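Engineer: Got a predicted structure plus its sequence, pasted below:
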Amino acid sequence: MAETEAALRTLARNVRTARTRAGLSLDELSRRAKVSKGALVGLERARGNPNFATLVRLADTLGVSVSALMEGRTEGRVRVVSADTVMPLWTGEQGGEARLMLTTSGPAPTEVWRWELQPGEEYPSHPHQAGVVETVSVTAGRMTLVVDGTEHAVEAGQTATFDGDAPHTYRGAGAGTCRLIMTVHLPPGPASAT
């Protein structure tokens, strides 16, 4: 429970800081991100529990990575992150999950995600801001990647990349669990620096 409260306080501080840096009022952020003002007020007061889609919309609108909204300050030159220490940001109805492992720093950060999808389980994603590029590398099983309505089979040992500014869906395919590493490459710019 204490870890959840600490994570919510960190998220609240980071959202408020990013909103202020972007020069957006709560009303304007609410309108642009399509998140209710009440939810934003609660979030900035470390109340509530925003879902994954809300975090993605806020990050896209604020021009930062999802992990920039969630991470506390880090020290040192090397970060080693274990999957069992990172809470899933998405959990599917059949037990699949997505964990944001880390985000690189710099003018064009990259998010590194670990995903598991059960057969038939899917996650539909809204289009991201222009310039976002996603790469998925399947390490076990099979998936169907749907980009702008077109399906693409991606099997273990294969990697696919696409522009993230189109609607896209990740779907588990085949008979077993699909495991993949996804990277989200954010466009360079002053707002993207973490």
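Structural biologist: Alright, I've got the coordinates. The structure presented is a predicted model; accordingly, all values stated were derived computationally and were not measured.
Engineer: Next secondary structure element downstream of the helix or strand hosting residue 160?
Structural biologist: Element membership for residue 160, per DSSP states H and E: strand 159-163. Next helix or strand after strand 159-163 toward the C-terminus (DSSP H and E): strand 168-173.
Engineer: Now do that next one against strand 159-163: the angle between them, please.
Structural biologist: Relative orientation of strand 168-173 versus strand 159-163 (axes from the mean of the first three to the mean of the last three CA atoms, to 10 degrees): 160 degrees.
Engineer: Averaged pLDDT, the very next helix or strand once past strand 168-173. What do you get?
Structural biologist: Following strand 168-173 in sequence order, the next helix or strand is strand 178-185 (DSSP H and E). The average pLDDT for strand 178-185 rounds to 96.
Engineer: Could you list the domains of this protein?
Structural biologist: Domain segmentation of the chain under automatic domain parsing yields 2-70, 85-192.
Engineer: Tell me the gap between the last one and the middle of its chain.
Structural biologist: Average the C-alpha atoms of domain 85-192, do the same for its chain, and the two points are 9 Å apart (CA atoms, centre = their mean, to the nearest Å).
Engineer: again with the shortest one
Structural biologist: Relative to the mean C-alpha coordinate of its chain, domain 2-70 is positioned 13 Å out (CA atoms, centre = their mean).
Engineer: got the contact list for the residue of the chain most remote from its centre?
Structural biologist: The C-alpha centroid of the chain is most remote from residue 175, which lies 26.4 Å away (CA atoms, centre = their mean). When contacts are counted by CB atoms under 8 Å, 6 or more residues apart in numbering, residue 175 touches residue 119. Yep, even glycine has a C-beta here, placed from its N, CA and C like the rest.
Engineer: returning to that earlier point: how about the domains of the chain, which one is nearest residue 78?
Structural biologist: Among those, domain 85-192 comes nearest to residue 78, with 11.2 Å by CB to CB.
Engineer: By mean pLDDT, which helix or strand of this protein comes out lowest?
Structural biologist: helix 66-70 (a mean of 75; mean pLDDT, DSSP states H and E).
Engineer: before we move on, the earlier item: could you dump the domains of the chain to CSV with distance to residue 78?
Structural biologist: Listed next are the domains of the chain as CSV, based on distance: least, CB to CB, whole Å:
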stretch, distance to residue 78
domain 2-70, 17
domain 85-192, 11
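Engineer: Worst mean pLDDT among those domains?
Structural biologist: Minimum mean pLDDT among these: domain 2-70, a mean of 81.
Engineer: Now do the buried residues in the strand holding residue 160.
Structural biologist: Within strand 159-163, the residues scored as buried using 16 or more other CB atoms under 10 Å are 160, 162.
Engineer: Please name the nearest non-neighbouring residue to the residue nearest to the spatial centre of the chain.
Structural biologist: Central residue of the chain (CA atoms, centre = their mean): residue 66, 5.0 Å from the mean position. Excluding the flanking residues, the one nearest residue 66 by CB to CB, 6 or more residues apart in numbering is residue 59, at 4.6 Å.
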